[in-house]
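Asks: got a predicted model here, sequence first, then my questions.
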Amino acid sequence: MSKLIEKAEKFVFDLFKNELDSSYLYHNYTHTERVLRSLREIIENTDVSKEDAEILELAALLHDTGYTKVRDGHEEESVKIATAFLKENKASDELIEAVSTCIMSTKFKNPPETELGKIIRDADSSHFGKKYFAEASEFLRKELELQGIKTYSPSEWRDENIKVLTKKHEFYTDYALKNWQKQKEDNLAKLIKSKRKQKQKLKKEEMKAKYKAQYKNESPERGIQTFYRVALRNHIKLSDIADTKANILLSVNAIIISLVLANLISKLDTNPYLIYPTAIFTLSCVISMVLSIIATRPNVTSGEFTKEDVANKDVNLTFFGNFHKMELKEYEWAVSELLKDKNYVYSSLTKDLYFLGKVLERKYRILRITYTIFMIGMIISVISFGVALKRNGTDIEDVLPEEPPLSSQQITPKQDNGHYPVFRL
């Protein structure tokens, strides 16, 4: 390696480190090293003179230095920077001209015209024929995005790469065609395969969305399932409400009866006029409790069915009361038969819904009677107590608390200044 190339390496490294913007993720010193490495690979396997090899290596090192100034037209700036560097290091005019020509050959839009131009062009675009193509390509996409030039989506960038590999790029040297062309084709095949998979995936998703929308619009299945789901949920919720109402009545009446037994019953001997109001009060509470119990009392059916019942679709397998006494195998068989016939499933759900409605009707009918009896009983009881108290009155002893009897010492009269007797209570 000549001293001039060593100086060029140090010069380019320092230049990129100090002056190149950090948004250049692709066109940086790493890219320059890759180009130089690929160039030396071609030189080693091609009949290139020592002088031409030096020209090519200098061009490879200096070809992207113009990015420290501008992006568009960086090749011309690279020529200026290379010329100034080579003149400073006493390079001949012929060398400067040759290096400048090679740098301009890296301009991607125009095909190279010289043999050295073909070599440097292949080295500059060697990543198309390398295994690290995808990584380098992604760095270039991100660089364009960071610099605000253009933002590509992954699919758009893939299409752009396919376009470049198929229409815009080609290798010119024999070495590149023999050793890098195959990897380039493999890279292109991967891109095409990825694009095909993406197309198939999008097509599949579109078809899925189309059939899903069609299924929603045209098929009544979803509406039917929603109907059964909502109806059954509402019935179960209403049943819970009815049970809660019955439990409230049971609790309230139990408390009332406990208070009656503890307080009123013991007063009936001395207050006989309270017998009828108390009886009405207690009877209404007892009737309310009984009706509440009847409303919530479960009714369990036989819990058995036969194969004929399943075959004739006469048994509702969704209700536990129809199968709780059957063996597991028999029930599994019956359910499997049920699931084979969609109409049988809907028929069972319909029966379940119907009988839940019948149970609800019975609960709410009894509860309505219960609440009516409880309300009327409370009203009549209060009126009866009022009438009884008004007719019979109340003794002061029944109202005021009892006091202990006075002792003889407490009522002994004494003279107060010899005039009036007073009682010392």
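Replies: Yep, it's here.

Asks: quick one: low-confidence residue ranges for the stretch 201-350 of the chain.
Replies: Along the stretch 201-350 of the chain, segments meeting pLDDT under 70 span 211-220, 300.

Asks: can you tell me how far the residue nearest to Leu249 when sequence neighbours are not counted is from Phe385?
Replies: Distances taken as C-beta to C-beta, 6 or more residues apart in numbering put Ser292 closest to Leu249, at 4.4 Å, once the chain neighbours are dropped. Where you see a C-beta, it was placed from the backbone N, CA and C, and this is true even at glycine. From Ser292 over to Phe385 the distance is 24 Å, taken as C-beta to C-beta, to the nearest Å.

Asks: of the two, who's got more company?
Replies: The residue with more neighbours, out of Ser292 and Phe385, is Ser292; 26 against 18, by other C-beta atoms under 10 Å.

Asks: and the helix or strand harbouring the more buried one, what does it pack against?
Replies: Following DSSP states H and E, one finds Ser292 within helix 275-296. The contact analysis (3 or more C-beta pairs under 8 Å, 6 or more residues apart in numbering; DSSP states H and E) places helix 275-296 against helix 221-259, helix 342-392.

Asks: need those helices in a markdown table (columns: distance to Ile55).
Replies: Output for these, formatted as a markdown table (distance: least, C-beta to C-beta, whole Å):
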| stretch | distance to Ile55 |
| --- | --- |
| helix 221-259 | 75 |
| helix 342-392 | 82 |
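
Asks: ok so, going back, tell me how far the residue nearest to Leu249 lies from Asn247.
Replies: The value you get for Ser292 to Asn247, if C-beta to C-beta is used, is 8 Å.

Asks: got it, and Ile287?
Replies: 17 Å.

Asks: same question, Lys197
Replies: With C-beta to C-beta as the criterion, Lys197 and Asn247 are 62 Å apart.

Asks: of Ile287 and Asn247, who's got more company?
Replies: Ile287 (16 against 12).

Asks: continuing past the helix holding Ser292, what's the next helix or strand?
Replies: helix 307-311.

Asks: which elements pack onto that following helix?
Replies: Using 3+ C-beta pairs under 8 Å, 6+ apart, helix 307-311 sits against helix 328-340.

Asks: just the CA trace of the helix it packs on, in PDB.
Replies: Output in PDB follows, covering the C-alpha atoms of helix 328-340 (Å, rounded to 0.1, in the frame of the first residue of the first chain):
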ATOM      1  CA  LEU A 328     -72.200 -38.700  31.600                       C
ATOM      2  CA  LYS A 329     -71.800 -40.900  28.500                       C
ATOM      3  CA  GLU A 330     -75.500 -40.800  27.700                       C
ATOM      4  CA  TYR A 331     -75.600 -37.100  28.100                       C
ATOM      5  CA  GLU A 332     -72.400 -36.600  25.900                       C
ATOM      6  CA  TRP A 333     -74.100 -38.800  23.200                       C
ATOM      7  CA  ALA A 334     -77.300 -36.800  23.400                       C
ATOM      8  CA  VAL A 335     -75.400 -33.500  23.100                       C
ATOM      9  CA  SER A 336     -73.400 -34.800  20.100                       C
ATOM     10  CA  GLU A 337     -76.700 -35.700  18.400                       C
ATOM     11  CA  LEU A 338     -78.000 -32.300  19.300                       C
ATOM     12  CA  LEU A 339     -75.000 -30.500  17.800                       C
ATOM     13  CA  LYS A 340     -75.400 -32.400  14.500                       C
END
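
Asks: buried stuff in it?
Replies: Applying a neighbour-count criterion of 16 or more other C-beta atoms under 10 Å, one finds Glu330, Ala334, Val335, Leu338 buried in helix 328-340.

Asks: what does stretch 361-370 give?
Replies: Lys363, Tyr364, Ile366, Leu367, Thr370.

Asks: next one: that stretch to chain centre, how far?
Replies: Relative to its parent chain, stretch 361-370 has a centroid offset of 44 Å by C-alpha atoms, centre = their mean, to the nearest Å.

Asks: contacts for it?
Replies: 238-239, 242-243, 245-246, 249, 287-288, 291-292, 294-296 (C-beta atoms under 8 Å, 6 or more residues apart in numbering).

Asks: now for the residues you listed: which two are most distant?
Replies: Spatially, the most separated pair among the contacts of stretch 361-370 is Leu238 and Ile287, at 24.3 Å (C-beta to C-beta).

Asks: that older thread, okay, the buried residues of helix 328-340 in JSON lines with distance to Thr65 next?
Replies: Below are the buried residues of helix 328-340 laid out as JSON lines (distance: C-beta to C-beta, whole Å):
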{"residue": "Glu330", "distance to Thr65": "87"}
{"residue": "Ala334", "distance to Thr65": "84"}
{"residue": "Val335", "distance to Thr65": "79"}
{"residue": "Leu338", "distance to Thr65": "80"}
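
Asks: nearest to Val12, of the residues you listed?
Replies: Val335 (78.5 Å).

Asks: for Val315, see how far away that closest one is.
Replies: 11 Å.

Asks: adding distance to Lys210, write the contacts of stretch 361-370 out as JSON lines.
Replies: Listed next are those as JSON lines, based on distance: C-beta to C-beta, whole Å:
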{"residue": "Leu238", "distance to Lys210": "40"}
{"residue": "Ser239", "distance to Lys210": "42"}
{"residue": "Ala242", "distance to Lys210": "46"}
{"residue": "Asp243", "distance to Lys210": "47"}
{"residue": "Lys245", "distance to Lys210": "50"}
{"residue": "Ala246", "distance to Lys210": "52"}
{"residue": "Leu249", "distance to Lys210": "57"}
{"residue": "Ile287", "distance to Lys210": "64"}
{"residue": "Ser288", "distance to Lys210": "61"}
{"residue": "Leu291", "distance to Lys210": "58"}
{"residue": "Ser292", "distance to Lys210": "56"}
{"residue": "Ile294", "distance to Lys210": "56"}
{"residue": "Ala295", "distance to Lys210": "52"}
{"residue": "Thr296", "distance to Lys210": "51"}
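
Asks: if any of those residues are buried, give me the ChimeraX selection for them.
Replies: Buried members of the contacts of stretch 361-370, defined by 16+ other C-beta under 10 Å, are picked up in ChimeraX with:
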select :238,239,242,245,246,249,287,288,291,292,295,296
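
Asks: and the closest residue to Lys351 other than its chain neighbours, helix, strand or coil?
Replies: With sequence-adjacent residues excluded and distances taken as C-beta to C-beta, 6+ apart, Lys351 is closest to Asn316, at 4.3 Å. Secondary structure state of Asn316, per DSSP: H, G, I helix; E, B strand; the rest coil, is coil.
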